[in-house]
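Asker: Here is my input; please provide its structure:
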Amino acid sequence: MKKGHKYGTHRVISPKGVLPQPADKLDNNMDEIYDNEILIDVQTLNIDSASFTQISNQAGGDKAKIAEIMLDIVEKQGKHRNPVTGSGGMLLGTVEKIGDALVGKTDLKVGDKIATLVSLSLTPLRIDKIKEIRPDVDQVDIDGKAILFESGIYAKIPSDLPEKLVMSALDVAGAPAQVAKLVRPGNTVLIIGAAGKSGMLCCYEARKRVGVTGKVIGLCYSPEEKERLDKLGFCHEVVCMDARQPIPVLEKITELTNGEMCDITINNVNVPDTEMTSILCTKNTGIVYFFSMATSFTKAALGAEGVGSDVTMIIGNGYTKGHAEITLQEFRECEALRKIFTELYA
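Answerer: I've put the predicted structure just below:
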């Protein structure tokens, strides 16, 4: 087997010298793998929410056109990186082959079912056939192959949870795990996009972390979402408003916090133009965590400057130590959360 680079630079076709994620094109030839790669027989792609929403809008919701756009992306790039959002997603599949250099160094074996925890925007991918598109959960079943680099992280599908439930949660595992790291007892926490996948997980984790002296405020878009959050009971307050309208939301959060504003704001939405709402609703000494891939960090940085806000802004890194374990444990702890994810996504 050919010797590969730890970070997968051996698969970069253009431009030379860059890492796989920013590369324009990767080598997705799966006939031969490098000595430090894992070949995966892919079952399902879980496209990240911002990316799938953009593709679906571009296709007018037509599944055939969605498939055409996805195939074109992979044909041109050798991976699935949305050219508009720059984001990807993750995949579910079975280990087909392990490179010689990894034998004895990985806990994986051929036949293991895994979910990759690295973005499709850097994963060499070949799609042979798109079998089914499920727009309600941003998932696409395919026949195809993918490569996991030596540096790539993954999670084995646990035996006590359904695989589609696991996949739906692991796609957004970085968000609740960051909440677990950031939130402290007594904090006031605002979750924007609180009724989505990452939002509900964050609401649960935040409620657990703020304790009896803290407060969790969930912001959602529709009455149906508000009803879902009210039923779950993770939030002390649920607000149904458009996060793209910063001043009305600011006024409402000012009212709910008696002018104190929020210690931490977690932004999970899959649409643009919610940066200023996140910033304005957070106190100057607070933290804004932008998990959403629809975020414009230019708008966030210049917008904060423009309103004289000194908030600390954190980019939504999809990985943090223990994120898979933290997220899956939420399902084991909370039957209501597991049930609604099963109904909606599994």
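Asker: And the strands in the stretch 1-150 of the chain?
Answerer: 12-14, 25-26, 38-47, 89-98, 113-116, 125-134, 139-148 (DSSP state E, counting those that start in this stretch).
Asker: With only the CA atoms kept, save the helix or strand of the chain with the lowest mean pLDDT in CSV.
Answerer: Of all helical and strand segments in the chain, the minimum by mean pLDDT, DSSP states H and E falls on helix 163-170, at a mean of 87. The C-alpha trace of helix 163-170 is given here as CSV (Å, rounded to 0.1, in the frame of the first residue of the first chain):
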residue,chain,number,x,y,z
GLU,A,163,-28.6,3.6,14.4
LYS,A,164,-30.7,6.3,12.7
LEU,A,165,-31.3,7.9,16.1
VAL,A,166,-27.6,7.8,16.8
MET,A,167,-26.8,9.3,13.4
SER,A,168,-29.2,12.1,13.8
ALA,A,169,-27.7,13.1,17.1
LEU,A,170,-24.0,12.6,16.3
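Asker: thinking again about what came up before, would you mind giving the strands of the stretch 1-150 of the chain as TSV with mean pLDDT and mean neighbour count added?
Answerer: All C-beta atoms are positioned from the backbone trio N, CA, C, and that covers glycine. What follows is the strands of the stretch 1-150 of the chain, written out as TSV (pLDDT from 0 to 100; neighbours: other C-beta atoms under 10 Å):
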stretch	mean pLDDT	mean neighbour count
strand 12-14	98	16
strand 25-26	98	19
strand 38-47	97	24
strand 89-98	96	21
strand 113-116	94	20
strand 125-134	97	16
strand 139-148	97	23
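Asker: want to throw these into JSON lines with distance to Glu32?
Answerer: Output for the strands of the stretch 1-150 of the chain, formatted as JSON lines (distance: least, C-beta to C-beta, whole Å):
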{"stretch": "strand 12-14", "distance to Glu32": "16"}
{"stretch": "strand 25-26", "distance to Glu32": "15"}
{"stretch": "strand 38-47", "distance to Glu32": "10"}
{"stretch": "strand 89-98", "distance to Glu32": "10"}
{"stretch": "strand 113-116", "distance to Glu32": "20"}
{"stretch": "strand 125-134", "distance to Glu32": "13"}
{"stretch": "strand 139-148", "distance to Glu32": "11"}
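Asker: What lies in contact with the following helix or strand past the least confident helix or strand of the chain?
Answerer: Heading C-terminal from helix 163-170, the first helix or strand you meet, by DSSP states H and E, is helix 174-182. Contact partners of helix 174-182, identified using C-beta atoms under 8 Å, 6 or more residues apart in numbering, comprise 189, 198, 201-202, 204-206, 209, 264, 266, 268, 287, 289, 291, 314, 316-323, 326-327, 330.
Asker: Cross those residues against strands and list the overlap.
Answerer: 189, 264, 266, 287, 289, 314 (DSSP state E).
Asker: just curious, which of those residues is nearest to Asp141?
Answerer: Closest approach between the ones in strands among the contacts of helix 174-182 and Asp141, by C-beta to C-beta: Ile266, at 30.5 Å.
Asker: Need the pLDDT of the closest one.
Answerer: Note on Ile266: pLDDT of 98.
Asker: Done for today, thanks.
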